[in-house]
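Participant: Turn this into a model:
(chains A and B)
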2 protein chains.
Amino acid sequence: MGDVSANSGKHRVVIIGSGFGGLFAAKALSGKDVEVTLISRTGHHLFQPLLYQVATGILSEGDIAPATRDILARDKNVRTILGDVTEIDVEGRTVTSHSLNQATVTPYDSLIVAAGAGQSYFGNDHFARYAPGMKDIDNALELRGRIFGAFELAETSTDPEDRERLLTFVVVGAGPTGVEMAGQIAELSHKTLAHEFRHINPRDARVILLDGAPQVLPSFGDRLGGKTRASLEKRGVEVQLGAMVTEVDGTGIEVKDKDGTVRRIEAMTKVWAAGVAASPLGKMIADQAGAEVDRAGRVHVEEDLTVKGHPEIFLVGDMINLKGYPGVAQLAIQGGRYAAKEILGRLEGKEPQAPFVYKDKGSMATISKYSAVASIGKIKLTGFIAWLAWLAVHLMAMVGFKNRISTLLNWIITFVGNNRNERATTIQQVFARRAFEDLGPNAYPELPRRGHEEQRDAS
Amino acid sequence: MGDVSANSGKHRVVIIGSGFGGLFAAKALSGKDVEVTLISRTGHHLFQPLLYQVATGILSEGDIAPATRDILARDKNVRTILGDVTEIDVEGRTVTSHSLNQATVTPYDSLIVAAGAGQSYFGNDHFARYAPGMKDIDNALELRGRIFGAFELAETSTDPEDRERLLTFVVVGAGPTGVEMAGQIAELSHKTLAHEFRHINPRDARVILLDGAPQVLPSFGDRLGGKTRASLEKRGVEVQLGAMVTEVDGTGIEVKDKDGTVRRIEAMTKVWAAGVAASPLGKMIADQAGAEVDRAGRVHVEEDLTVKGHPEIFLVGDMINLKGYPGVAQLAIQGGRYAAKEILGRLEGKEPQAPFVYKDKGSMATISKYSAVASIGKIKLTGFIAWLAWLAVHLMAMVGFKNRISTLLNWIITFVGNNRNERATTIQQVFARRAFEDLGPNAYPELPRRGHEEQRDAS
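Facilitator: Model (predicted):
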């Protein structure tokens, strides 16, 4: 196996993950007297808060996923390698990563684990096939194929029931991602696509936002939740709360309401924006260190983000269970920076920092163009003002000047022109097609085999 | 089966294909007293001349593949449907298309077939797995994954021979697409990626442009071919002419030189930019009409682009064999417009047009940024002037204002900043990985299975 450490004798920091936590940790260690290796299984830094815009044709994957290597090109003491981490040896202090059949073993003196979280279906993994999550670029592109594909199929469908199923979109989970997806699908059907079809009217599409909770955007408080709901409904989204999903299949979704009634919604396109599970690397470390892990796979870390008995291992972001802090980008950013500072402080012989405290910088969600909600401490904003705040904050938070420019341009195209520049679907269509297989082979008569001439020859 | 014709009593024109030929035919029929149905198996109009920029991270797929439905939204007498044409019944005058399990039968009074061409491996279809072509968005994104992926794997490789294989790129075919790909890969390794790696030097990459012909860009004439060759070589591309490819496999390519020597080039990444085969729909029609088809699947059409004995069927672009006309975008555009005009003329009782004559508007190819070659009639341009001409012509030729703006912005990012905005790879990585499987399972020791804790439990 390849040991790629440079053996410079410097303190070796390994960072796992190129999300917010990993990237901000790497940047905080840049130019310092340490040797940093960032290991990630993707080559890009994903700006996850805008993933829904890739799914709905506003942004390209490049806009929200700049190459990590490019971002860190000038940070000469940081090395980036592509690899899926398959083993962390807590005693031996090595990380083994896997890139195809190449194994790389990287030793560390300090380790920052920022591997994030994946989608959770709460033990119903078979839902995934029918209701893709919203965690990575592939999810977003698959959903793009499914959403635009549903309208395409509805246009040529001759069965009224199929057409209705194809034009029904269910978003599960009324957190920010769910709200944003539902708002965008409604906007697509009412604005962008409104005049593009001849046999269907895209405005007939039903967009349903479901959640088991009694409220939309629970973390934003009652008032904003209520306003968001009203705003979504005004835009044609049906909001169904207190509704638990009990089953998902190819042609629909089964829901149990608060009163115990079980009902079925016929819908070809389902989006899963509910539930996350931390990266299994958390449990891998916790099991070796004897630390506790919660049901979502998050590790109960010490107050300085380290793992029990291992002051050299830091966990950040979505992977930690600490004081009820929410799994948002800011938690990862602040954690990554805190860990980096602590590592540098130790090398300089400084006293440990005060325990990690998450500073809430507020939350925001867009509802549609020109309309958003924002909760920043005691300040609650809605409508156009909130949307302007959302615009400014997201543009500033993006990493890389060129991505900001490119994103801004695509926003102008979409917000001013009602257009979407990024509707092309690719091999994801193959996956998107899984969504429609369940129309059933008998829904339409079998087609003649390709090769008309063979039939002629035979006759 | 669904018959989706509106039965308005108007003359029904069916167009197959949303490329240059199909789209320009549809635009020429827009607003006229005919009922047009455009059937395509992709939802987008692909601007194929810039596909190489998607493959090398400059443009997003949306930049060069706007939704056909969007382009034609205001052309109210044009209906767009997604479907793979599986049958054309020349006698019955119907086109059957297939979208998943939905079959749609569309009757026509006039038919314009503009289904283009796919890649041809000259009977060696097993090359395709190892050397993707350059015909569609998926090709381009797979190649993007392979090219950037090769550098990533080289960075963690510990075997010098593997590293060399990974950093060797072979482009087969020295026409415009091959020249552009080779130039871009060289530019990637010498500029964009030059400072992003720590263990490899991307400048060590070998880029080889191969062709069986004795010259680069044969259709541009001797002088421009020679200049292009010199310019590519100055930029680090090895040009190998008179070299026929005899075999392609996972780790390399076998070549027979003019003198009969057979040699092997070890290279993980191969690009196939040689040879096209017309859509099989050409042969399907020709077989029914008794028309001749050449070895590349192109139909020998009449002088007015119709098929023998069927004045109601027009073939355009890459699908025709007529007077040696080249398979370029302009042939399709001019053919699509000619066919549309002829159909309208007949309805108005006009005399047939003069036979179709292709007007050569010139050819262009970029070599690297600020450098191109252009052949426009007797005018031959090279270098910066040619590059400016290329820039202007391509921007003007793109369909859709927003794509032009977005493309221009990405060009500024790339040409001024040496950066590339669109490096994100997606599910295509799965396909791209096929390129590297052949490093062999024994090239690196097997990895321990995921789940460190299981080993612990067992011990």
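Participant: For the rest of this, base every contact and every neighbour count on C-alpha atoms.
Facilitator: Fine.
Participant: For the stretch 251-400 of chain A, list the residues in contact with chain B, please.
Facilitator: Remark: the part of the stretch 251-400 of chain A in contact with chain B comprises A:Met284, A:Asp287, A:Gln288, using Cα under 8 Å from any Cα of the partner chain.
Participant: Inside helices: which ones of those?
Facilitator: Filtering these for membership in helices, criterion DSSP state H, returns A:Met284, A:Asp287, A:Gln288.
Participant: By neighbours, which of those residues wins?
Facilitator: The most crowded member of those, judged by other Cα atoms under 10 Å in any protein chain shown, is A:Met284 (23 neighbours).
Participant: any idea how far it is from A:Val255?
Facilitator: When distances are taken as Cα to Cα, to the nearest Å, A:Met284 and A:Val255 turn out to be 35 Å apart.
Participant: How far off centre is stretch A:245-260?
Facilitator: Offset of stretch A:245-260 from its chain centre (Cα atoms, centre = their mean, to the nearest Å): 23 Å.
Participant: Could you do stretch A:112-131 as well?
Facilitator: Its chain's C-alpha centre and that of stretch A:112-131 lie 10 Å apart, by Cα atoms, centre = their mean.
Participant: same thing with stretch A:335-347?
Facilitator: The chain centre lies 27 Å from the centre of stretch A:335-347; the measure is Cα atoms, centre = their mean.
Participant: buried ones in it?
Facilitator: Going by neighbour count (16 or more other Cα atoms under 10 Å in any protein chain shown), the buried part of stretch A:335-347 is A:Gly335, A:Gly336, A:Arg337, A:Tyr338, A:Ala339, A:Ala340, A:Lys341, A:Glu342, A:Ile343, A:Leu344.
Participant: who's in contact with the first one?
Facilitator: Contact criterion Cα atoms under 8 Å, 6 or more residues apart in numbering or on different chains gives A:Gly21, A:Leu305, A:Leu315, A:Val316, A:Gly317, A:Phe356 as the residues in contact with A:Gly335.
Participant: Over to it: give its phi and psi.
Facilitator: Recorded main-chain torsions at A:Gly335 are phi -70, psi -40, according to degrees, to the nearest 10.
Participant: For A:Gly92, give its distance to chain B.
Facilitator: As judged by Cα to the nearest Cα, to the nearest Å, A:Gly92 and chain B stand 13 Å apart.
Participant: Kindly report the same for A:Phe122.
Facilitator: Here the criterion is Cα to the nearest Cα. By it, A:Phe122 lies 21 Å from chain B.
Participant: cool, and A:Asn124?
Facilitator: Per Cα to the nearest Cα, A:Asn124 is found 22 Å from chain B.
Participant: ok, how many other residues are close to that residue?
Facilitator: Neighbours of A:Asn124 under the rule other Cα under 10 Å: 11.
Participant: C-terminal to the helix or strand A:Gly336 falls within, what's the next element?
Facilitator: Take DSSP states H and E as the rule and A:Gly336 turns out to sit in helix A:329-347. Once helix A:329-347 ends, the next helix or strand along the chain (criterion: DSSP H and E) is strand A:363-368.
Participant: hey, where'd the strands end up in the stretch 301-450 of chain A?
Facilitator: The residue ranges that make up the strands of the stretch 301-450 of chain A, judged by DSSP state E, counting those that start in this stretch, are A:306-307, A:310-315, A:320-321, A:363-368, A:371-376, A:379-382.
Participant: mean confidence score for the third one?
Facilitator: It stands for strand A:320-321. Throughout strand A:320-321, pLDDT has a mean value of 98.
Participant: repeat for the second one
Facilitator: Across strand A:310-315, the average pLDDT comes to 98.
Participant: for stretch A:236-248, same thing?
Facilitator: Per-residue pLDDT over stretch A:236-248 has a mean of 97.
Participant: sorry, back to before: can I get the helix holding A:Gly336 as PDB, trimmed to CA atoms?
Facilitator: Listed next in PDB are the C-alpha coordinates belonging to helix A:329-347 (Å, rounded to 0.1, in the frame of the first residue of the first chain):
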ATOM      1  CA  ALA A 329     -23.300  24.600   7.400                       C
ATOM      2  CA  GLN A 330     -22.300  27.100  10.100                       C
ATOM      3  CA  LEU A 331     -21.800  24.300  12.700                       C
ATOM      4  CA  ALA A 332     -19.400  22.600  10.300                       C
ATOM      5  CA  ILE A 333     -17.500  25.900   9.500                       C
ATOM      6  CA  GLN A 334     -17.200  26.900  13.100                       C
ATOM      7  CA  GLY A 335     -16.200  23.400  14.100                       C
ATOM      8  CA  GLY A 336     -13.500  23.100  11.400                       C
ATOM      9  CA  ARG A 337     -12.000  26.500  12.400                       C
ATOM     10  CA  TYR A 338     -12.100  25.600  16.100                       C
ATOM     11  CA  ALA A 339     -10.300  22.300  15.500                       C
ATOM     12  CA  ALA A 340      -7.700  23.900  13.300                       C
ATOM     13  CA  LYS A 341      -7.100  26.700  15.900                       C
ATOM     14  CA  GLU A 342      -6.800  24.100  18.700                       C
ATOM     15  CA  ILE A 343      -4.200  22.100  16.800                       C
ATOM     16  CA  LEU A 344      -2.100  25.100  16.000                       C
ATOM     17  CA  GLY A 345      -2.400  26.400  19.600                       C
ATOM     18  CA  ARG A 346      -1.100  23.100  21.000                       C
ATOM     19  CA  LEU A 347       1.900  23.200  18.700                       C
END
